[in-house]
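Peer 1: Here you go, sequence then predicted model.
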Amino acid sequence: MADSGSWITVAGLVLAFAVLVIVAVRMWRDGSRRRAEHLRERFGPEYDIAVAQYGEGRASEILEERERRVSELPLRSLPPSERAHLSRSWGLTQKRFVDSPQLAVREAYELVLRTLEVRGYQIRDFDQCLADLSVDYGAVVQHLRVAHALDLANSAGRANTEELRQALVHYRVLFEGLLGTPREKIPPASQRYQPVLDHHVSAPR
């Protein structure tokens, strides 16, 4: 009887342990799922980029580390006067595109950097800046990647007029996000994203 009782006790412990393991696994899976959903919602397209680059587990660690880093940055919103000043500067840059597209794109990049800096981002390391931006601007940070690549081609004299126009468009999308322009005051897309080309500048055929 004692042996039978011992076996029952052992079997009970094994069963209890198995139940605990199953519960722990389910909790871990639920936690991982909730974490992935949070990161996907916050980072948008950047989540998929990170997963493709690092794998799901490592991507989650990297993105959470980005969140922690950005939470410690001295980020701030722009007051209306500063936002208006930067917006006027952009308007002048976009007008300059007609006569000097290369200069306009270079100025657009510098204006984006200035806006990043006054918002509190660290701009000395481009890759780190991209990573920091992805936390709150996951939906538009890709525009900076593309624009920067086109800008490098511009600096090397390899960008044509259409590529320069695209660079300006990408910078503008990010600039508007950083500026925090109220939605009702953002001009129509036709006015924002299509720098007008006149007879001074024509896209190569």
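Peer 2: Yep, that arrived. Residues are numbered from 1 along each chain as shown.
Peer 1: what about Asp99, which SS state?
Peer 2: What DSSP: H, G, I helix; E, B strand; the rest coil gives for Asp99 is coil.
Peer 1: What are the buried residues along stretch 145-159?
Peer 2: Val146, Ala147, His148, Leu150, Asp151, Ala153, Asn154, Ala159 (16 or more other Cβ atoms under 10 Å). Bear in mind the C-beta positions are built from the backbone N, C-alpha and C, glycine included.
Peer 1: tell me which element the closest residue to Asp48 other than its chain neighbours falls in.
Peer 2: Once flanking residues are discounted, Asp48 sits nearest to Arg40: 8.0 Å by Cβ to Cβ, 6 or more residues apart in numbering. Assigned by DSSP states H and E, Arg40 belongs to helix 2-43.
Peer 1: Need the mean per-residue confidence for that helix.
Peer 2: The predicted model assigns helix 2-43 a mean pLDDT of 65.
Peer 1: Now the element after it, going C-ward?
Peer 2: helix 45-54.
Peer 1: quick one: contacts of the helix or strand containing Arg66?
Peer 2: Using DSSP H and E, Arg66 sits within helix 56-71. If you take Cβ atoms under 8 Å, 6 or more residues apart in numbering as the criterion, helix 56-71 is touched by 32, 35-36, 39, 42-43, 46-47, 50-51, 53-54, 131-132, 134-136.
Peer 1: Does the next helix or strand after it pack against any helices or strands, and if so which?
Peer 2: The helix or strand immediately downstream of helix 56-71 is helix 80-96, counting by DSSP H and E. Judged by 3 or more Cβ pairs under 8 Å, 6 or more residues apart in numbering; DSSP states H and E, the packing partners of helix 80-96 are helix 101-119, helix 161-179.
Peer 1: Name the surrounding residues that touch helix 80-96.
Peer 2: Contacts for helix 80-96 (Cβ under 8 Å, 6+ apart): 78, 103-104, 107-108, 111, 114-115, 118, 168, 172, 175, 179-181, 195.
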